[in-house]
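**Student:** sequence unknown, structure follows:
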């Protein structure tokens, strides 16, 4: 849906029509105290570009990786976790679908198991280093794009209390 909204906005730009543009979509945020109420279409377009670039880079990742995702995430399809897991180049990787019906799985009830799993994973990585094994690193994909246009492509929302 985002590509269609972006195409519509681009078309209207060509004719200098601003009224019918779709600048943002409303967000029914899971954590309204830290999330934006509006999600800007231009920001979603940039996020999509970033995710595609990140997926292409994952096969080069040789560091230990832990992928955790909510089994009933209402925001991101849980199958995405499996795609990410399979794309990672490292042999030292784990995938866990956490029983959760929310997107932010590190907040809320029953997070103790999650925190223990993360701690155990990081502890195992530290043991490898202590044993003198060279820690694997991620191979750089290329020079990062840090242009101001990329960083600040979406309008900022002011939240006043």
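**Tutor:** Sure thing, it's come through. Since the model is a prediction, treat every value here as computed from it, not as a measurement.

**Student:** For the rest of this, base every contact and every neighbour count on C-alpha atoms.
**Tutor:** Will do.

**Student:** quick one: which helix or strand includes the most centrally placed residue in the chain?
**Tutor:** Nearest to the geometric centre of the chain sits residue 51, at 7.2 Å (C-alpha atoms, centre = their mean). Here residue 51, judged by DSSP states H and E, is contained in helix 41-57.

**Student:** In the chain, where's the longest helix?
**Tutor:** Looking across the chain with DSSP state H, the single longest helix is helix 112-130.

**Student:** in it, what counts as buried?
**Tutor:** 121, 125 (16 or more other C-alpha atoms under 10 Å).

**Student:** taking the mean pLDDT, what do you get for that helix?
**Tutor:** For helix 112-130, mean pLDDT is 89.

**Student:** Quick one: distance of it to the chain centre.
**Tutor:** Helix 112-130 has its C-alpha centroid displaced from the chain centroid by 22 Å (C-alpha atoms, centre = their mean, to the nearest Å).

**Student:** try stretch 110-126
**Tutor:** Offset of stretch 110-126 from its chain centre (C-alpha atoms, centre = their mean): 20 Å.

**Student:** Quick check: next helix or strand after the helix holding residue 51?
**Tutor:** strand 65-70.

**Student:** Report all helices and strands that that next one contacts.
**Tutor:** For strand 65-70, the contact count by 3 or more C-alpha pairs under 8 Å, 6 or more residues apart in numbering; DSSP states H and E identifies helix 79-87, strand 93-98 as packing neighbours.

**Student:** quick one, which of these is nearest to residue 31?
**Tutor:** With respect to residue 31, and counting by C-alpha to C-alpha, the nearest of the helices and strands packed on strand 65-70 is strand 93-98 at 18.7 Å.

**Student:** Next, residue 63: phi, psi?
**Tutor:** Main-chain dihedrals, residue 63, degrees, to the nearest 10: phi -80, psi 160.

**Student:** again with the one 10 residues further on
**Tutor:** Phi and psi for residue 73, reported as degrees, to the nearest 10, are phi -60, psi 120.

**Student:** Contacts only, for it.
**Tutor:** Residue 73 sits next to 100, 101, 102, 103 when contact means C-alpha atoms under 8 Å, 6 or more residues apart in numbering.

**Student:** Leaving out chain neighbours, which residue sits closest to the last one?
**Tutor:** Spelled out, it's residue 103. Spatial nearest neighbour of residue 103, chain neighbours left out: residue 73 (4.9 Å); criterion: C-alpha to C-alpha, 6 or more residues apart in numbering.
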